[in-house]
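In: The sequence isn't on hand, but the structure is:
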């Protein structure tokens with residue numbers, strides 16, 4: 001069955017005996033491969049270094065899952081659906097991946113437009129929340145210095161996901177259900193030219209009927225004309241601090257995931273089985289090469305984070321640094337995802353631009369994109385490449 005979209009591109013339903021290749025086994029690609037497999041097609045999943053590897057944007061220990069996203073966006077509802085699917089797969093796989101410790105938003109900016117306009121979407125999405133005064137927050141979490149905080153949003157069902165472990169769990173589930181996996185790289189030659197098969201780093205070729213590229217920060221170099229600069233990888237630094245011996249106030253049992261909406265947006269994840277008190281600055285860092293970039297943190301950023309935790313969490317003033325990590329965001333200009341067909345190849349889908357907030361949505365996105373590929377539907381204007389112009 002073949003139909004035409006409004007821009008003239010063909011949309012075709014995929015037959016059940018189709019072979020789909022998914023390139024990238026991170027949060028986007030792994031879940032998409034799994035849901036395609038469940039739609040009855042043959043699926044080969046490919047990744048250069050493996051799911052949740054240290055170069056991947058889906059690597060590392062933890063990611064926040066929350067529904068507060070501001071106004072006029074689809075991500076709150078997407079987070080609600082993703083939460084449901086994370087829970088379902090925890091039961092299916094008998095694994096603990098979702099830790100619902102709660103998420104606390106501390107509103108300190110003079111303009112609280114973002115938080116105020118998040119509330120109707122939280123209600124519409126069915127995500128539980130509480131509006132808290134400073135006095136209520138101080139009573140519940142006295143270990144936080146609430147100076148300059150005006151009010152807060154608490155999402156009791158939010159929390160964190162174990163990222164690296166989740167990527168491996170998705171792959172294990174995919175293999176258990178009959179999927180094929182190859183740890184091999186795609187050779188980036190001629191992907192914007194005449195479409196044929198994929199050349200792989202081991203000298204072989206991969207022939208499929210449909211292709212889904214979910215390559216994170218490598219999507220731009222693989223498709224320099226179609227994507228190119230529309231995805232910009234940036235260096236992001238994450239720090240893990242040691243808490244005082246015998247003091248459980250900074251563990252996941254006593255403190256929620258927190259977000260501090262100041263002049264710079266900082267966030268943190270307590271505990272995670274003794275890994276340390278995680279703190280990160282969401283401000284976009286410098287451009288970064290995800291393949292060859294040296295993953296060492298800067299002394300200046302470490303000093304800034306130390307100054308911050310001494311202010312906001314006074315008991316951690318002299319906390320030792322236990323670990324640090326450099327990851328990357330792959331940002332689009334508007335921070336919305338890219339989910340679209342290749343402009344010149346109807347059987348090629350491009351999926352990326354997580355922009356630092358994509359991981360939590362993995363199962364909901366995988367479910368959605370599998371449906372788009374199978375049914376040949378249009379992804380909607382928000383996610384298309386056309387929104388960037390030429």
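Out: Alright, I've got the coordinates. Computed from a prediction, not measured in an experiment: that's the story for all the values here. Numbers count the residues shown, from 1 in each chain.
In: Give me the local confidence score for residue 110.
Out: What the model reports as pLDDT for residue 110 is 77.
In: now it: how far from residue 261?
Out: For residue 110, the distance to residue 261 (Cβ to Cβ, to the nearest Å) stands at 11 Å. From N, CA and C alone the C-beta is placed, and that goes for glycine too.
In: Same check on residue 89?
Out: From residue 89 to residue 261 the distance is 31 Å (Cβ to Cβ).
In: Counting neighbours around each, name which of these two comes out higher.
Out: More neighbours surround residue 261 than the other of residue 89 and residue 261, with 23 against 19 (other Cβ atoms under 10 Å).
In: Just the pLDDT for the more buried one.
Out: At residue 261, pLDDT is 86.
In: and what of the one 4 residues further on?
Out: Reported pLDDT at residue 265 in the predicted model: 92.
In: Leaving aside the residues adjacent along the chain, what's closest to it?
Out: residue 282 (4.3 Å; Cβ to Cβ, 6 or more residues apart in numbering).
In: What's the local residue count around that neighbour?
Out: For residue 282, the neighbour count with other Cβ under 10 Å is 16.
In: residues contacting it?
Out: Residue 282 makes contact with 264-267, 356, according to Cβ atoms under 8 Å, 6 or more residues apart in numbering.
In: Can you tell me which of these end up in helices?
Out: Judged by DSSP state H, helices contain none of the contacts of residue 282.
In: If any of these are buried, put those into a PyMOL selection.
Out: In PyMOL syntax, the buried subset of those is picked out as below (16 or more other Cβ atoms under 10 Å):
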select buried, resi 266+267+356
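In: can you tell me the average pLDDT over stretch 364-377?
Out: Rounded mean pLDDT across stretch 364-377 is 95.
In: For that stretch, give me every contacting residue.
Out: With Cβ under 8 Å, 6+ apart as the criterion, stretch 364-377 contacts 1, 3, 10-14, 20, 27-28, 30-36, 38-39, 41, 78-79, 81-82, 85, 210, 212, 337, 339, 349, 351, 358, 378-379.
In: returning to that earlier point: out of the contacts of residue 282, the closest to residue 118 would be?
Out: residue 265 (13.9 Å; Cβ to Cβ).
In: Run through the helices of the stretch 101-250 of the chain in chain order.
Out: 113-116, 119-125, 134-140, 163-176, 219-222 (DSSP state H, counting those that start in this stretch).
In: Go through those helices and name the closest to residue 69.
Out: Nearest of the helices of the stretch 101-250 of the chain (Cβ to Cβ): helix 119-125, 6.9 Å.
In: Show me the shaky parts of the stretch 51-200 of the chain.
Out: Within the stretch 51-200 of the chain, the segments meeting pLDDT under 70 span 109, 189-195.
In: tell me the contacts of residue 351?
Out: Residue 351 touches 24, 28-29, 32, 212-214, 219, 337-339, 365, 369, counting by Cβ under 8 Å, 6+ apart.
In: ok, back up a step: tell me the buried residues within the contacts of stretch 364-377.
Out: 11, 14, 20, 27-28, 30-36, 38-39, 41, 78-79, 81-82, 85, 210, 212, 337, 339, 349, 351, 358, 378-379.
In: about what we covered before: okay, and which of the contacts of residue 282 map to strands?
Out: Judged by DSSP state E, the subset of these located in strands is 265-267.
In: what sits up against the longest helix anywhere in the chain?
Out: Counting by DSSP H, the longest helix found in the chain is helix 75-93. Residues from elsewhere that reach helix 75-93 (Cβ under 8 Å, 6+ apart): 65-69, 95-98, 118, 121-122, 124-127, 157, 161, 169, 172-173, 357, 360-365, 367.
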